[in-house]
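*Asks:* fold the stuff below for me.
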Amino acid sequence: LLNWQSRMTENDDARDRLKKASDRVSAVSKIYEFLYRDGSVDGVQLKTFISALCNELMPKSAMGRIGLKTKVASRMASTKEAVALGVVLTEFVDNAVTHGLGSCEHGQVELTFETSKTSCELIVRDNGQGLEAGYDAFETGGFGLQLAELYANDLNGTLDHSDGREAGSWFRLRYPAEAT
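*Replies:* All right, here's what the predicted structure looks like:
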């Protein structure tokens with residue numbers, strides 16, 4: 001319905017917003033589809049889940065132009081944690097491809113998920129133009145980052161990002177391992 005509405009809308013800004021909303025709904029649907037296909041609603045292996053989701057996330061337009069490298073620790077997680085992590089990961093990867101590497105002929109997105117007894121950390125990094133020094137994406141960012149913040153809060157987590165003093169950019173989610 002959102003795709004249909006975006007095609008019927010003449011206003012470019014409204015069309016873009018409807019397309020992004022459609023993409024987000026599609027991403028959440030892919031998350032639940034994976035969880036259903038995996039056969040478990042009680043828990044999910046994040047290593048398998050994140051790897052499969054990443055394969056789905058790279059847009060066809062980026063194939064051959066942008067590489068995706070993943071390093072994912074093994075961890076069993078609740079459905080709640082997997083959904084929240086999936087939404088945040090989707091926003092981070094989409095922002096890396098769209099904004100970080102949007103105009104690059106070739107680029108790389110690196111995703112790392114690490115866990116310890118006390119905490120979990122997701123980092124998505126790109127080798128694009130980087131953020132402007134002093135830029136706070138969470139203060140000025142769009143709906144996608146606001147959505148990521150909501151899901152980070154569900155995990156009792158925090159979000160942060162690079163400060164513009166280095167090449168490329170990175171976004172990070174940290175949350176307590178026992179939060180879910």
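*Asks:* mind listing the strands for the chain?
*Replies:* Counting by DSSP state E, the segments of the chain that form strands are 44-45, 66-72, 76-77, 107-115, 119-126, 158-161, 169-176.
*Asks:* now render those strands as a markdown table, adding mean pLDDT and distance to residue 24.
*Replies:* Any C-beta I mention is one placed from the backbone N, CA and C, and that applies to glycine too. Supplementary listing: the strands of the chain in a markdown table, determined by pLDDT from 0 to 100; distance: least, C-beta to C-beta, whole Å:
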| stretch | mean pLDDT | distance to residue 24 |
| --- | --- | --- |
| strand 44-45 | 85 | 20 |
| strand 66-72 | 91 | 20 |
| strand 76-77 | 90 | 21 |
| strand 107-115 | 94 | 19 |
| strand 119-126 | 96 | 16 |
| strand 158-161 | 95 | 17 |
| strand 169-176 | 96 | 16 |
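*Asks:* out of these, which is closest to residue 58?
*Replies:* Residue 58 lies closest, by C-beta to C-beta, to one member of the strands of the chain: strand 66-72, at 5.6 Å.
*Asks:* gap between the closest one and the chain center?
*Replies:* The gap between the average C-alpha position of strand 66-72 and the chain average comes to 13 Å, counting by C-alpha atoms, centre = their mean, to the nearest Å.
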